[in-house]
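Trainee: what's the 3D shape of this:
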Amino acid sequence: MRPFWIQTGKKQLAVYMRPPLGLYLLEPDLVCKLNRSLYELKQASRQWNTKLAASLTTAGYSQSKHDYSMFTKLSTTSFTVILVYVDDLVLSGDDLGEINRIKHYLHDLYKIKDLGELKYFLGMKIARSRKGIAVCQRKHCLDLLQDYGMLDAKPASTPMDYTTHLSKKFGTLLASNSEYRRIIGRLLYLTNTKSEIAYAVSKLSQFLDCATDKNFEAALRVLKYLKGALAKGLFFSATTDFTPSGFSDSDWATCSDSRRSVTGHCFFLGTSIISWKSKKQDTVAASSCEAEYRALASATKDAQWLAYMMKELQIEQQKLIVIYCDSQSALHIAVNPVYHERTKHIEVDCHIARDKWQEGVTKLLPIASSEQTADILTKALAPSMFKSCESKLGLMDIHSPSLRGGVT
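Mentor: Numbers count the residues shown, from 1 in each chain. I've put the predicted structure just below:
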């Protein structure tokens, strides 16, 4: 059978298309003509996104320049927003007529399936009540515990033991990293709603190429913690205000293998956490002050992005975005440009903290280390300190009595 050549960007791909059984062909060398892109092609996702974006633009929607998966439409009387994940779309707005119109428009083009009010999306359960909206991944947690035989395990108070320091040098190398990679990948997905395990998962992700039995035991401890926090997730209160605020923190030279520091920051809209990050810094910091300043620069970048997103979502920002930092030295460097000796070796992009403070985008304020919420994103904490920080994140158990009042 001769190949059928199709164009994929600048290359041509030979596809042998065998006719299905029972199909009578007048000539044995006939092939089928490909009218649609196949999922296996590398260009399929990009081509689909281009086509969908063009369709929504034709319908009057504008694609966000700060999040290309978001489309908005603003009129004199209404505002509508669409979030896109491959071929799954979430519609929201204050005009039911516009929502129905765009659904019919998309159905005529692609034959979509309307699933009604949002209850499940990408494995996340969304529950509503008069008190607010809760988002959790309880089913994903249960599936994870069942697959590793941890349903009957004793729950752990924290996702990581604060007395144990993980390193590439400790433990015996695993014969195969596939199982370790699999469990870390599934835990990474859980960090979409469980910010309290972000540091533990980030730390464990650093051993994907050289996992040891100690690393695997630490991963199983995260599962034990999840056993006691199955339905805990994000909660967006119906009574919260739209005042943004953030916390920036770092842990200096915490990595025993590379001596790099850890950056951690989180942002809130009122009392609801909306963004967080826990990541090892790219370079070695010469001092704790430098590590804190780099963390502050990373938080400032997220603050600027949040300001852009709030503007596109028609959220009026009346106050500056406050960023709390427990390092007086880092705050002095950000607001005082004369500390040349301390900052001349720091990359220029780190000075965005100073630039955005001068532009009036952010407001930098000190905070006591004992009240630093981002501490949970930079290190393993003792149970008492972990519970204190976790309570400030505003997480909510979807089965909690405090959500009573019409959960759907």
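Trainee: And the helices in the stretch 251-400 of the chain, which stretches?
Mentor: Taking DSSP state H, counting those that start in this stretch as the criterion, the stretch 251-400 of the chain carries its helices at 288-312, 328-335, 340-343, 352-359, 383-392.
Trainee: cool, and the stretch 51-200 of the chain?
Mentor: All helices of the stretch 51-200 of the chain, identified by DSSP H, counting those that start in this stretch, fall at 96-110, 138-147, 178-190, 198-204.
Trainee: Show me which residues of the first one are buried.
Mentor: Residues of helix 96-110 classed as buried: 98-99, 102, 105-106 (neighbour count, 16 or more other C-beta atoms under 10 Å). C-beta coordinates here come from the backbone N, C-alpha and C atoms, glycine included.
Trainee: The nearest residue to K301 once chain neighbours are set aside - how many residues pack around it?
Mentor: Of all residues not flanking K301 in the chain, I352 sits nearest, at 6.3 Å (C-beta to C-beta, 6 or more residues apart in numbering). Residues near I352, counting by other C-beta atoms under 10 Å, number 21.
Trainee: Now stretch 85-92 - C-alpha only, PDB.
Mentor: C-alpha atoms of stretch 85-92 as PDB (Å, rounded to 0.1, in the frame of the first residue of the first chain):
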ATOM      1  CA  TYR A  85      -8.500  24.300  28.500                       C
ATOM      2  CA  VAL A  86      -7.900  22.400  25.200                       C
ATOM      3  CA  ASP A  87     -11.600  21.600  24.300                       C
ATOM      4  CA  ASP A  88     -13.200  22.300  27.700                       C
ATOM      5  CA  LEU A  89     -14.700  25.700  28.200                       C
ATOM      6  CA  VAL A  90     -16.000  27.500  31.300                       C
ATOM      7  CA  LEU A  91     -18.400  30.400  30.800                       C
ATOM      8  CA  SER A  92     -19.300  33.000  33.300                       C
END
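Trainee: Mind checking the pLDDT average for it?
Mentor: Stretch 85-92 carries an average pLDDT of 90.
Trainee: Can you tell me what sits against stretch 47-54?
Mentor: Residues outside stretch 47-54 that contact it (C-beta atoms under 8 Å, 6 or more residues apart in numbering) are 37, 63, 68, 71, 84, 86-87.
Trainee: again with stretch 121-128
Mentor: With C-beta under 8 Å, 6+ apart, stretch 121-128 has contacts from 85, 88, 90, 118-120, 133-140, 189, 192-193, 233, 398, 403, 406-408.
Trainee: Please apply the same query to stretch 297-315.
Mentor: By C-beta under 8 Å, 6+ apart, stretch 297-315 touches 64, 66-67, 70, 72, 74, 79, 81, 242, 244, 246-248, 263, 265, 267, 274-275, 277, 279, 317, 321, 323, 349-353, 356-357, 361-362.
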